[in-house]
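S.K.: here is a sequence together with a model predicted from it:
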Amino acid sequence: MKKMMVCLFLFVLLTGCRHKLPEPESLIAEASDHSKSPQIMDIRYVVEGRNVKVECIIAGVSFVNGKEQGKVLLYVDGQQYGEYDTAAFVVKNLAPGTHRLKIDVVKQNNKSFGINHQFMVTIK
């Protein structure tokens, strides 16, 4: 009798959930627009004393011989500071205070690629 009750209990337990399975409670994450639009220019900089080390990573522009060879025009506080044919450079001897640096990426003939970036640095 005990065996029969245990078998009946297991039978009901195992067959009872077959007809209506519960819906999974997982969430579906949607992709954000941020990952769809690639970043054209990434600027990294470090302030060391009165100098600023700048590194530019620019998609589709090369600083060595090539079809899309470019250069960087650097402006400090609205005044042209320098012209660089490399992706990394050092801005030297800035006066203490806050400065606005603007980077324009241009072709070798100074025609714009339409790529620029501005950022602020504070020299202590």
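M.R.: Yep, it's here.
S.K.: all strands of the protein, in order?
M.R.: Applying DSSP state E to the chain gives strands spanning 41-48, 51-58, 70-76, 79-84, 88-91, 97-107, 112-123.
S.K.: which residues does Ile57 form a beta bridge with?
M.R.: Following DSSP bridges, Ile57 is listed with bridge partners Asp42.
S.K.: help me confirm that it comes into contact with Ala87.
M.R.: Yes. With contact defined as Cβ atoms under 8 Å, Ile57 reaches Ala87; the gap is 6.9 Å. (C-beta placed from N, C-alpha, C; glycine too.)
S.K.: higher neighbour count, these two?
M.R.: More crowded of Ile57 and Ala87, by other Cβ atoms under 10 Å: Ala87, with 16 against 13.
S.K.: for the more buried one, give me phi and psi.
M.R.: Main-chain torsions, Ala87, degrees, to the nearest 10: phi -80, psi -20.
S.K.: quick one, what contacts it?
M.R.: Ala87 sits next to 55-58, 63, 72 when contact means Cβ atoms under 8 Å, 6 or more residues apart in numbering.
S.K.: ok, and the closest non-adjacent residue to Ser112?
M.R.: Nearest residue to Ser112, sequence neighbours excluded (Cβ to Cβ, 6 or more residues apart in numbering): Val106, at 5.4 Å.
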